[in-house]
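Q: mind looking at a prediction? Sequence and model below.
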Amino acid sequence: MSLVRLNIKGISYSQTQNGAYALILNEVDGDRKLPIVIGAFEAQSIAIALEKEIRPPRPLTHDLFKNFADRFDIIVKQVIIHKLVDGVFYSSLICERDKIEEIIDARTSDAIALALRFQAPIFTYKNILDKAGIYLKVNPKKEDEEQDSILVDDLIAEEIETAAIEQEGYSEKSLEELHSLLEEAVNNEDYEKAAKIRDEISKR
């Protein structure tokens, strides 16, 4: 399967999921966007890494990981978003130490926050982008003007979020199915997934 390189386009505040954000990744050699719902802490960490001028007085969790890795000569070479199951993206950190390469499982939001700090490229597989990628109708002039902006324009935020929610597939589930999925997610300690299901139930 061929890899597709992604850049970070921006972050959009979620209008339906309290405390959640949509991280938008942009296909480097194409027009598709990949929206991923992330938590507020991870969104803040990514935003701080994007804004070079902002330096927190004490290291954030991802900064601590970077400092730890630097001390022990561990390099994050790249991040690969390798799987999409029930709207949840799975990622891997490709790390290297003493010319030995290791693959470490990570949440996509954490993986991207670390990729920024290590200046590592972000990739996904073509089949994932084919399945979850979306096209956004953006005014080219306005897009150029806001190229360096972290927050995505409110006018396209709703379209991004709708696409992200559709990826979950929860909108097509019955309430009974949603409650069953919620119980399963809690039992598996997948609280990120459980929060998304709970929000869908609340909307009903």
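A: Arrived safely, thanks for sending.
Q: could I get the contacting residues of the residue of the chain positioned farthest from its centre?
A: Distance to the chain centre peaks in the chain at D98, reaching 29.5 Å (criterion: Cα atoms, centre = their mean). Applying Cβ atoms under 8 Å, 6 or more residues apart in numbering to D98 gives the contacts D73. For glycine as for every other residue, the C-beta is placed from the backbone atoms N, C-alpha and C.
Q: per-residue pLDDT, it?
A: You'll see D98 listed with a pLDDT of 93.
Q: same check, this time on I54
A: Taking I54 on its own, its pLDDT is 71.
Q: what are the structural domain limits within this structure?
A: The domain map for the chain lists 3-155, 169-204, with the assignment taken from automatic domain parsing.
Q: the last one: which residues count as buried?
A: I take that to be domain 169-204. Across domain 169-204, burial judged by 16 or more other Cβ atoms under 10 Å covers 170, 173, 178, 181-182, 185, 193-200.
Q: next one: it to chain centre, how far?
A: Its chain's average C-alpha position is 20 Å from that of domain 169-204, according to Cα atoms, centre = their mean, to the nearest Å.
Q: kindly report the same for stretch 4-23.
A: Chain-centre distance of stretch 4-23: 7 Å, with Cα atoms, centre = their mean.
Q: endpoints of that stretch, how far apart?
A: With Cα to Cα, to the nearest Å as the measure, the first residue of stretch 4-23 is 17 Å from its last.
Q: buried residues in it?
A: Going by neighbour count (16+ other Cβ under 10 Å), the buried part of stretch 4-23 is 4, 6, 8-14, 17, 20-23.
Q: let's see which of these end up in strands.
A: Members of those lying in strands (criterion: DSSP state E): V4, L6, I8, K9, G10, I11, S12, Y13, A20, Y21, A22, L23.
Q: and the two most separated of those?
A: Of all pairs drawn from those, the one with the largest separation by Cβ to Cβ is V4 and Y13; the distance is 26.4 Å.
Q: ranges for the helices of this protein?
A: For the chain, the helices defined by DSSP state H cover 40-50, 61-71, 108-118, 126-132, 140-145, 154-168, 175-187, 191-203.
Q: how near is the residue farthest from the centre of the chain to D73?
A: When distance is defined by Cβ to Cβ, to the nearest Å, D98 is 7 Å away from D73.
Q: again, but for V4
A: Separation of V4 from D73 (Cβ to Cβ): 30 Å.
Q: now swap in L3 and tell me
A: Plainly put, L3 is 26 Å away from D73 if you go by Cβ to Cβ.
Q: neighbour-wise, which of the two wins?
A: L3 (15 against 9; other Cβ atoms under 10 Å).
Q: who are the contact partners of that one?
A: Applying Cβ under 8 Å, 6+ apart, one finds that L3 lies in contact with I80, F123, T124, Y125, K126.
Q: what do you get for V28?
A: Applying Cβ under 8 Å, 6+ apart, the residues near V28 are V4, R5, L6, N7.
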